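Dropping the sequence and predicted coords here.
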Amino acid sequence: MLFFILLQLQYEAIHSATTYLVGDDIGWDPSIDLEGWTRGKNFHAGDFPKFKYDDERIDVAVVNKEGHDTCTVNEGAQVFDSGDDTISLAFGANYFIDSESDLCAVGMKMAINATKPPSSIMD
């Protein structure tokens, strides 16, 4: 019985999603290189980037590639403006911008490629 409990705990530890505080202590802010912040991190589908920001002047929009590249909010995009938003990553490319095109143009955008979560002995 103990073996199965330990096996279940290992499975849950391996498959638990990771929450990333975007921009670390600074947050979702134009003062840092947000595209650079993603480098070196291994994002998986189901992980959660957490966006903390000043909701009086900043927001975060989940857009498509064109929206990311052109700093525009495409039709069907989701815009979050609470100042404290946690968004689940979909498998593949995920694009985030500030909906204000001037802020986006100075770096308030990032792209995250979320890979398949790691497999375990339970799969």
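In hand now; what should we look at? These figures come from a predicted structure and were not determined experimentally.

And for Asp33, nearest residue in space, chain neighbours not counted?
Distances taken as C-beta to C-beta, 6 or more residues apart in numbering put Gly107 closest to Asp33, at 6.4 Å, once the chain neighbours are dropped. To be clear about C-beta, it is placed using only N, CA and C from the backbone, and glycine gets the same treatment.

Tell me how many other residues surround that neighbour.
Using other C-beta atoms under 10 Å, Gly107 has 16 other residues around it.

Also the one 5 residues further on?
Applying the criterion other C-beta under 10 Å, we find 20 residues in the vicinity of Ile112.

picking up where we left off before, hang on, the residue nearest to Asp33 in a strand?
No: if the criterion is DSSP: H, G, I helix; E, B strand; the rest coil, then Gly107 is coil and not within a strand.

Would you mark the buried spots in stretch 20-38?
Within stretch 20-38, the residues scored as buried using 16 or more other C-beta atoms under 10 Å are 20-23, 27-30, 32, 34, 37-38.

farthest pair in those?
Spanning the widest gap among the buried residues of stretch 20-38 are Tyr20 and Pro30, at 18.7 Å by C-beta to C-beta.

most centrally placed residue in this protein?
Note on the chain: the residue nearest the mean C-alpha position is Pro49, at 3.3 Å, using C-alpha atoms, centre = their mean.
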